[in-house]
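Colleague: okay, predicted coordinates and the sequence, questions at the end:
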Amino acid sequence: MLDVTGLECARGERTLFRDLNFSLPAGTLFELRGENGSGKTTLLRAICGLLSPIAGEIRWQGKNIKTLGDEYRAHLGYLGHLNGLKDELSALENVALTAPLSGITADPRAIEDMLRRFGLARCLHLPCKALSQGQKRRAALARIALGTHHALWLLDEPFAALDAAAITFLQSQIERQLANGGIVMLTTHQDVPISAPHRQRIELGI
Amino acid sequence: MNSALTAFRYVIARDLLLAMRRKADVLTTLFFFVIAVSLFPLGIGPDTELLRKIAPGIVWVAALLAAMLSLGRMFADDHRDGTLEQMMLAPQPLGLMVGAKIIAHWLLSGLPLVLIAPLLGLQFGLGGDALLILVASLLLGTPVLSLIGAIGAALTLGVRGGGVLVSLLVLPLFIPVLIFGAGAVEASVTGLGPAAHLSLLGAILLVALFFAPWATALALRIAVE
């Protein structure tokens, strides 16, 4: 489904990685490892198309993602370092107002249910500025988890700032997505026991 | 197509809801406009003839400066909290969603000025016809300020001292709007008829409506990369 050939990216003058090749079939869990500054986030941003690589090509189902454009973005669920939440709005409002942008058609009850399952039952209606870092992250992850029709999840440090219960629940959501034939790319520093039909791992910066 | 319209509606709804939670932002622009315009009669004195003559220019200059005040926030917050990224990754044309943001910006910073302008015009002794033309010219002109301002706001996104830079970039582009906007009211006061000025303002609006969202979207892509 996703093929990357000869990818090279740089930040400023510094080349982060070059000649990167991988090919991910449906149902693959792709773990990105590497120390801070090794280009994990840059690789994720290049794959979702926010950043143009210096060289190389990224293809989705055989076609370059640049030519696919919106057709490719319809398959994406991306969560970067930033949560994409508005401080003044509640977790529920945030998800309900931004989910439709990425083609998620969940009704309000399904959104509320997902937030509850992420452990936000008691702060559904609090403005996000009153939430802790981990709670904000959970609200952002709930939006990703609702995008079950997105064939490609790109998650930047999804487990950071989460407690044990939330990590377990997120793992179950990722496993369900993989079992349904989705591809999940994530950067992480810790070992996560996720069962996946296919598994690949890459270590950047060596 | 349907999903694009849904996204368009949701972007406007979100920005309006945010403004309801942060009323100070909207009121700042409006109060600035009211106070800036009201200072002139106090400074110049009760010379009705003179006041009537300079009224259109003053109201329009104040509207330009008030629009500048609100431009900085247009994309900066979305950039900081990551919602801009999410908007760019949505499977809809970015230009469309930028258009939605521009409309929301105009509803929150342009429309209030249009509505309060007749009241301010009264301070300057403008007559009924002139007030009507003032409102009409603002109604055609303030959306242009939001549209062109959006390009400037996108180009200076994430730049240090962006606020000053955006005024240098955008104010010169506002000059035609100022000339035809203030000109329309003047023409109606002197009896020439405002039709020509208003048509030109309308033409500027159409051109800006067509190009600005697209140019803003391009500038945003560069800024985020």
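Modeller: Now that the structure is in, tell me what you want to look at.

Colleague: only C-alpha atoms from now on, for both contacts and neighbour counts.
Modeller: OK.

Colleague: distance from stretch A:91-105 to the middle of the chain?
Modeller: 16 Å (CA atoms, centre = their mean, to the nearest Å).

Colleague: list the buried ones in it?
Modeller: A:91-104 (16 or more other CA atoms under 10 Å in any protein chain shown).

Colleague: and it, what's its mean pLDDT?
Modeller: Stretch A:91-105 shows a mean pLDDT of 86.

Colleague: residues from chain B in reach of chain A?
Modeller: Within chain B, the residues that sit near chain A (CA under 8 Å from any CA of the partner chain) are B:3, B:6-7, B:10-11, B:13-14, B:18, B:21-22, B:78, B:81-93, B:221, B:224-225.

Colleague: doesn't residue A:17 fall inside a strand?
Modeller: Yes: the assignment for residue A:17 (DSSP: H, G, I helix; E, B strand; the rest coil) places it in a strand.

Colleague: what's the burial count for it?
Modeller: Neighbourhood size, residue A:17 [other CA atoms under 10 Å in any protein chain shown]: 19.

Colleague: tell me where the chain has helices.
Modeller: Picking chain A for this. Ranges of helices in chain A, per DSSP state H, are A:40-48, A:65-68, A:70-73, A:91-98, A:108-117, A:133-146, A:164-179.

Colleague: meant chain B, my bad for not saying
Modeller: B:2-21, B:23-44, B:48-71, B:73-81, B:83-89, B:94-105, B:111-123, B:128-155, B:162-190, B:195-224.

Colleague: give me the distance from stretch A:66-82 to the chain's centre.
Modeller: Using CA atoms, centre = their mean, the offset of stretch A:66-82 from its chain centre is 10 Å.

Colleague: what do you get for stretch A:150-164?
Modeller: 6 Å.

Colleague: what mean pLDDT would you report for it?
Modeller: 88.

Colleague: buried stuff in that stretch?
Modeller: For stretch A:150-164, the neighbour count (16+ other CA under 10 Å) marks A:150-159, A:161-162 as buried.

Colleague: in CSV, list those residues along with distance to residue B:207.
Modeller: Formatted as CSV, these follow (distance: CA to CA, whole Å):
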residue, distance to residue B:207
A:150, 37
A:151, 39
A:152, 39
A:153, 39
A:154, 39
A:155, 40
A:156, 41
A:157, 44
A:158, 44
A:159, 48
A:161, 48
A:162, 49
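
Colleague: those residues: which two are farthest apart?
Modeller: Within these, A:151 and A:161 form the most distant pair, 25.4 Å apart (CA to CA).

Colleague: burial check on the nearest residue to residue A:197 once chain neighbours are set aside, number of neighbours?
Modeller: Closest residue to residue A:197 in three dimensions, ignoring its sequence neighbours and counting by CA to CA, 6 or more residues apart in numbering or on different chains: residue A:27, at 5.8 Å. For residue A:27, the neighbour count with other CA under 10 Å is 23.

Colleague: ok, residue A:27 - contacts?
Modeller: Residue A:27 is in contact with A:177-184, A:196-198, counting by CA atoms under 8 Å, 6 or more residues apart in numbering or on different chains.

Colleague: would CSV of the helices of chain B with mean neighbour count and mean pLDDT be doable?
Modeller: Output for these, formatted as CSV (neighbours: other CA atoms under 10 Å in any protein chain shown; pLDDT from 0 to 100):
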stretch, mean neighbour count, mean pLDDT
helix B:2-21, 17, 89
helix B:23-44, 16, 91
helix B:48-71, 20, 90
helix B:73-81, 17, 89
helix B:83-89, 22, 91
helix B:94-105, 23, 94
helix B:111-123, 18, 93
helix B:128-155, 24, 93
helix B:162-190, 19, 90
helix B:195-224, 18, 93
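
Colleague: hmm, back to that, so which of the contacts of residue A:27 is the most crowded?
Modeller: For the contacts of residue A:27, neighbours tallied by other CA under 10 Å; top is residue A:183, 27 neighbours.

Colleague: who's that one bridged to?
Modeller: As for beta bridges, residue A:183 partners with residue A:152 under DSSP bridges.

Colleague: surely it meets residue A:29?
Modeller: Yes: between residue A:183 and residue A:29 there is a contact under CA atoms under 8 Å: 6.1 Å.

Colleague: show me where pLDDT drops low in chain A?
Modeller: Residue ranges of chain A with pLDDT under 70: A:206.

Colleague: nearest spatial neighbour of residue A:127, chain-adjacent residues omitted?
Modeller: residue A:90 (4.0 Å).

Colleague: ok, that neighbour - how many residues close by?
Modeller: Close neighbours of residue A:90, defined as other CA under 10 Å, add up to 21.

Colleague: just to revisit the earlier point, same list, the helices of chain B, but as JSON lines with distance to residue A:55 please.
Modeller: Formatted as JSON lines, these follow (distance: least, CA to CA, whole Å):
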{"stretch": "helix B:2-21", "distance to residue A:55": "32"}
{"stretch": "helix B:23-44", "distance to residue A:55": "44"}
{"stretch": "helix B:48-71", "distance to residue A:55": "36"}
{"stretch": "helix B:73-81", "distance to residue A:55": "27"}
{"stretch": "helix B:83-89", "distance to residue A:55": "21"}
{"stretch": "helix B:94-105", "distance to residue A:55": "25"}
{"stretch": "helix B:111-123", "distance to residue A:55": "47"}
{"stretch": "helix B:128-155", "distance to residue A:55": "26"}
{"stretch": "helix B:162-190", "distance to residue A:55": "32"}
{"stretch": "helix B:195-224", "distance to residue A:55": "18"}
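
Colleague: contacting residues around residue B:88?
Modeller: With contact taken as CA under 8 Å, 6+ apart, residue B:88 is in contact with A:50, B:94, B:221.

Colleague: the nearest residue to the first one once chain neighbours are set aside and residue A:164, how far apart?
Modeller: Taking CA to CA, 6+ apart, and ignoring the residues beside it in sequence, residue A:50 has residue B:225 as its nearest neighbour in space, at 6.3 Å. Residue B:225 sits 34 Å away from residue A:164, taking CA to CA, to the nearest Å as the criterion.

Colleague: likewise residue A:150?
Modeller: 26 Å.

Colleague: what does residue A:175 give?
Modeller: Counting by CA to CA, the separation of residue A:175 from residue A:164 is 16 Å.
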